[in-house]
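1. dropping the sequence and predicted coords here.
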Amino acid sequence: MTSRFALVIANTEYQDASFARLTAPGRDAQEFAHVLREPELAGFDDVQVLLNEGEGKTRRSIARFFAERKRDDLLLLYFSGHGVRNEQGQLFLAANDTEINILEASGIPAEFVTQSMNNSRSQRQLLILDCCNSGAFAHGSKSASAVGRSMGTATAFEGSGFGRVVLTATDATQFAWEGDKVIGDTQKSVFTHFLIEGLKGEADRDGDGRINVDELYDYAYEQVVRRTPKQTPGKWSYKQQGEIILRENLKPRDVKPAPLPADLIELLAHPNSSVRRVGIQDLIGLLDGKHLGLARGAEEKLREIAANDDSLGFRRIASEALTARGLVIESPASIPVAIPQEKRVETEKIERLPTPPRAEPKQEKPIASDSKKLPTAKSQLARQFNSRALIIAGGVIVGLILIALVWNASNQNPPADVADTPSSRPTTKPATFTLVPPTATLTPTLEPGATMIDQDGMTLLFVPAGEFTMGSDSSSDEQPIHKVTLDAFWIDQTEVTNKMYALCVQAGDCTSPSDTSSYTHPSYYGNSQFENYPVIYVDWNKANAYCKWAGRRLPSEAEWEKAARGTDARTYPWGNDAPNNSLLNYNVNAGDTTEVGKYPSGGSFYGALDMAGNVWEWVADWYSDTFYQNSPLENPLNDVAGQYRVLRGGSWNDYVGFRCARSLD
């Protein structure tokens, strides 16, 4: 009898300090193992998980895994962690106790894995490598030519066996070296994420209810390249005989709807009711058919008819057909409404926030790219929140976060037609601004956290003039920690939303985001369901254009930092307590962006929300790694043009946005 076995290996902690501690592999491995093990999903017969084990146990487990198997058994070996090459170019998988200076004695050689696969009787073997920086260059090699050298996956695991397939997150990624330490990326793996989503049903492109290795790889490849264009997964097949099925128990609910036949669409749109009735009966026939993709497409169309058709009779037929098959008719989902930000700030006590995170540099060209984070000894969020992010002012794949309304009267005075005072708001609106709320009003007393509503519907928070401590000891480009004095300013309470940004697009002053999808939602921007979510896929120029259209501007980095951390230099916006899922959307805990203002308890001292997590935020400054050393002590702003712009705040998964600022006159 044919059986299916899996061995899932992941390492997040290393005894050798040269290896960066990783956060992603452990979570990735557990999620991947769950999908493989769950009877309702892949349904493997046996799934073993090794987490943070030493070289000896790992090596023996691999040998046992491939030994004593049958010819038709499916064997899946998954590894997530550090992959390292020595000076001779040999590839090693790092275990918990691997020592980088003696890789040959303490690492898992690729040759060992290959030989174990060669010795197995199984002729259906699948090796998945999601090594963080798996295309490492030789330890100690600092030359530019060594960076990004392929780890040789295509040959390292070829061997002499039959029926072997190797999937990799990428064939040639890079290590970042700092002294003798290997700096690893600690984000959740995009590659493993889409392997998991694919096995849940997304990879079944033909709707036959089964997912084979080729379908899974094709799906993961498309999604990874789309999200992170610099990363290219790889696949190699050695003497494969027949297809390797990873899942064959998909239910209609797990299958992606297939497009309905054109002639059926014509029947359903026909003006004659008798013809339309035939079309509906054909839909019911597809619902009972064996093609699960068409069954899902028919189900969705019948739901649409049951909810919206002009004919009550056709609504009844569609509803009864769905109900008879156990497909519950759900009420239409309500459209999220804007959070009453002003009320929330006035009625809830908001704790302060510490130094915001920053992301790393991207080139100034308009290209899509994923930003690396500067490493620290803290958690991913602490690392993000206390690291500057540099991204090109051009077309980086980012999201519009909070629009900070900032004041810098000395060198950033707004145009006269948008000047603001504590007692009055401008009455002149942009000529093309149409869908606007009532005239903005101010709270009587301008105390910290006082609010007003601007013309685009954004709630603005008042940040008074004064001194605050700027900088962090966790990143060299944020040192030294020093005190600066800022003029008073207003800052947006939340990230700029899809709905707000759409107004600027409608007015002709902004261009649409470069992509209308999000990480898990094919339809995101322009979908009423996500009106109150942060706009994403907007670069610095688009963020800047929106702020100008709204009569505001991007905040300086100093203004953003003060709004985030207040005057007591806390580690996070809410204080110094460790982050958790009730304070912010971070570390992929929500799997995508969340609507703005969803985490009021994570607000800053001034009431600004989502200044940690959800999406990164553009600020006005150009990046310089020495600016903190030389910045002015009053209203600092780095306006000297460079290659990169600065991002602050952190993200759930590297999306970027912005806040606007308004000066006080």
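-> Yep, it's here.
2. who touches residue 28 in this structure?
-> For residue 28, the contacting residues are 10, 80, 130, 188-189, 192-193, by Cβ atoms under 8 Å, 6 or more residues apart in numbering. Bear in mind the C-beta positions are built from the backbone N, C-alpha and C, glycine included.
3. possible to save those as JSON lines with secondary structure?
-> Output for the contacts of residue 28, formatted as JSON lines (DSSP: H, G, I helix; E, B strand; the rest coil):
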{"residue": "10", "secondary structure": "strand"}
{"residue": "80", "secondary structure": "strand"}
{"residue": "130", "secondary structure": "strand"}
{"residue": "188", "secondary structure": "coil"}
{"residue": "189", "secondary structure": "coil"}
{"residue": "192", "secondary structure": "helix"}
{"residue": "193", "secondary structure": "helix"}
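4. adding pLDDT, neighbour count and distance to residue 528 as columns, could you present those in TSV?
-> Below are those laid out as TSV (pLDDT from 0 to 100; neighbours: other Cβ atoms under 10 Å; distance: Cβ to Cβ, whole Å):
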residue	pLDDT	neighbour count	distance to residue 528
10	91	25	40
80	89	30	38
130	86	27	37
188	59	20	29
189	77	25	32
192	90	24	32
193	90	24	27
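5. so which of those comes closest to residue 495?
-> Within the contacts of residue 28, proximity to residue 495 (Cβ to Cβ) peaks at residue 188, which comes in at 21.0 Å.
6. can you map out the helices along the stretch 151-300 of the chain?
-> 153-156, 190-197, 213-227, 262-268, 273-287, 292-308 (DSSP state H, counting those that start in this stretch).
7. of those helices, flag the one that's most buried.
-> Highest mean neighbour count among the helices of the stretch 151-300 of the chain (mean count of other Cβ atoms under 10 Å): helix 190-197, with a mean of 23.
8. quick one: that helix to chain centroid distance?
-> Between the mean C-alpha location of helix 190-197 and the chain-wide mean there is a distance of 12 Å, by Cα atoms, centre = their mean, to the nearest Å.
9. got the angle between it and helix 213-227?
-> 130 degrees (axes from the mean of the first three to the mean of the last three Cα atoms, to 10 degrees).
10. residue boundaries of the strands in the stretch 451-600 of the chain?
-> If DSSP state E, counting those that start in this stretch is used as the criterion, the strands of the stretch 451-600 of the chain fall at 451-453, 459-463, 466-470, 482-486, 489-492.
11. point out the most buried one among the ones you listed.
-> Compared across the strands of the stretch 451-600 of the chain, strand 489-492 shows the largest average neighbour count, a mean of 31 (mean count of other Cβ under 10 Å).
12. quick one on the thing from earlier: could you identify the most distant pair in the contacts of residue 28?
-> When the contacts of residue 28 are compared pair by pair using Cβ to Cβ, the farthest-apart members prove to be 10 and 193, with a separation of 14.2 Å.
13. and the gap between residue 452 and residue 314?
-> Distance of residue 452 to residue 314, computed by Cβ to Cβ, to the nearest Å: 51 Å.
14. and stretch 601-616, end to end?
-> By Cα to Cα, to the nearest Å, the extent of stretch 601-616 from end to end equals 19 Å.
15. okay, residue 235 and residue 191: tell me how far apart.
-> For residue 235 relative to residue 191 (Cβ to Cβ), the value is 12 Å.
16. actually residue 498, not the one I wrote
-> Applying Cβ to Cβ, one obtains 28 Å for the distance of residue 498 from residue 191.
17. equivalent analysis for residue 540, please.
-> For residue 540, the distance to residue 191 equals 28 Å [Cβ to Cβ].
18. need the per-residue pLDDT for the closest residue to residue 291 other than its chain neighbours.
-> The spatially closest residue to residue 291, leaving aside those adjacent along the chain, is residue 207, at 5.5 Å (Cβ to Cβ, 6 or more residues apart in numbering). Residue 207 carries a pLDDT value of 71.
19. and the one 5 residues further on, by the same measure?
-> pLDDT for residue 212: 89.
20. tally of neighbours for the residue nearest to it when sequence neighbours are not counted?
-> Taking Cβ to Cβ, 6+ apart as the measure, residue 212 lies nearest to residue 243, with 4.5 Å between them; neighbours along the chain are not counted. Residue 243: 12 surrounding residues under other Cβ atoms under 10 Å.
21. swap in the one 3 residues further on?
-> When neighbours are defined as other Cβ under 10 Å, residue 246 has 26 of them.
22. hang on, it packs against residue 214?
-> No. Applying Cβ atoms under 8 Å, one finds residue 246 not in contact with residue 214, separated by 10.2 Å.
23. sorry, back to before: residue contacts, the residue nearest to residue 291?
-> Applying Cβ under 8 Å, 6+ apart, one finds that residue 207 lies in contact with 255-256, 258, 291-296.
24. tell me which of those is nearest to residue 599?
-> Nearest to residue 599 among the contacts of residue 207: residue 256, at 31.8 Å, using Cβ to Cβ.
25. distance of that closest one from residue 119?
-> When Cβ to Cβ is applied, the distance between residue 256 and residue 119 equals 39 Å.
26. next one: residue 7
-> 15 Å.
27. compare those two and say which is more crowded by neighbours.
-> Counting neighbours by other Cβ under 10 Å for residue 7 and for residue 119 shows that residue 7 has the greater number, 21 against 13.
28. check which helix or strand that one maps to.
-> Residue 7 is part of strand 4-10, with elements assigned from DSSP states H and E.
29. buried set for the following helix or strand past that strand?
-> In the C-terminal direction, the helix or strand that comes right after strand 4-10 (DSSP H and E) is helix 24-37. Along helix 24-37, the positions that meet the burial threshold by neighbour count (16 or more other Cβ atoms under 10 Å) are 24-29, 31-33, 35-37.
30. could you check the angle helix 190-197 makes with helix 24-37?
-> Helix 24-37 and helix 190-197 meet at an angle of 20 degrees, taking the same axes, to 10 degrees as the criterion.
31. what mean pLDDT does helix 24-37 have?
-> Across helix 24-37, pLDDT averages out at 84.
32. only C-alpha atoms, please: export that helix in CSV.
-> In CSV, the C-alpha atoms belonging to helix 24-37 read as follows (Å, rounded to 0.1, in the frame of the first residue of the first chain):
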residue,chain,number,x,y,z
ALA,A,24,10.0,32.8,10.6
PRO,A,25,11.1,29.1,10.2
GLY,A,26,9.4,27.8,13.4
ARG,A,27,6.1,29.3,12.6
ASP,A,28,6.4,28.4,8.9
ALA,A,29,7.3,24.8,9.8
GLN,A,30,4.4,24.3,12.2
GLU,A,31,1.9,25.8,9.7
PHE,A,32,3.3,23.7,6.8
ALA,A,33,3.3,20.5,8.9
HIS,A,34,-0.4,21.2,9.9
VAL,A,35,-1.4,21.5,6.3
LEU,A,36,0.4,18.3,5.4
ARG,A,37,-1.0,16.4,8.4
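33. after that helix, which helix or strand is next? Please name it.
-> Scanning the chain past helix 24-37 towards its C-terminal end, the next helix or strand to appear is strand 46-51 (assignment: DSSP H and E).
34. for the helix or strand just after that next one, name the packing helices and strands.
-> The element immediately downstream of strand 46-51 (helix or strand, assigned by DSSP H and E) is helix 55-66. For helix 55-66, the contact count by 3 or more Cβ pairs under 8 Å, 6 or more residues apart in numbering; DSSP states H and E identifies strand 4-10, strand 46-51, strand 74-85, strand 108-109, helix 110-119 as packing neighbours.
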